[in-house]
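J.: give me the fold of what follows.
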Amino acid sequence: MQTEEKFNDRLIRLPELEQIFGVCKRTVRRKAENGELPPLRHIGRAVGMLESHVKAYFQRLREHQMN
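T.: Residues are numbered from 1 along each chain as shown. Predicted structure coming up:
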């Protein structure tokens, strides 16, 4: 990851993750704990996933489907 990208990475919070993955918050948390989804980050009271990790997750899925 380039230095510039590190500073532009945002935290995607749980309500948005529910929409992205199509599951409830509890399922997002469970799958993140089991390693099925990117890890959750805790920044103060905020909980979410780094946008770069979510993008990488979908990129891996896409590559896996092509093979």
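J.: and for the strand ranked longest in the chain, what's in contact with it?
T.: Using DSSP state E to define each element, the chain has its longest strand at strand 46-50. Here strand 46-50 makes contact (Cβ atoms under 8 Å, 6 or more residues apart in numbering) with 9-14, 16-17, 32, 37-41. From N, CA and C alone the C-beta is placed, and that goes for glycine too.
J.: now, which of these lie within strands?
T.: Using DSSP E, 11-13, 41 are the members of the contacts of strand 46-50 that sit in strands.
J.: buried subset of these, written for PyMOL?
T.: Buried residues among those (16 or more other Cβ atoms under 10 Å), as a PyMOL selection:
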select buried, resi 12
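J.: JSON lines please, covering the ones in strands among the contacts of strand 46-50 and showing distance to Lys25.
T.: Listed next are the ones in strands among the contacts of strand 46-50 as JSON lines, based on distance: Cβ to Cβ, whole Å:
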{"residue": "Leu11", "distance to Lys25": "15"}
{"residue": "Ile12", "distance to Lys25": "12"}
{"residue": "Arg13", "distance to Lys25": "10"}
{"residue": "Arg41", "distance to Lys25": "15"}
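J.: dump the ones in strands among the contacts of strand 46-50 to a markdown table, plus distance to Phe21 and pLDDT.
T.: Shown next, in a markdown table, are the ones in strands among the contacts of strand 46-50 (distance: Cβ to Cβ, whole Å; pLDDT from 0 to 100):
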| residue | distance to Phe21 | pLDDT |
| --- | --- | --- |
| Leu11 | 16 | 97 |
| Ile12 | 10 | 98 |
| Arg13 | 13 | 98 |
| Arg41 | 16 | 97 |
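J.: what's the closest of the ones in strands among the contacts of strand 46-50 to Gly22?
T.: If you rank the ones in strands among the contacts of strand 46-50 by distance to Gly22 using Cβ to Cβ, Ile12 comes first, at 14.2 Å.
J.: you'd agree that closest one is up against Ile20?
T.: Yes - taking Cβ atoms under 8 Å as the definition, Ile12 is a contact partner of Ile20 at 7.1 Å.
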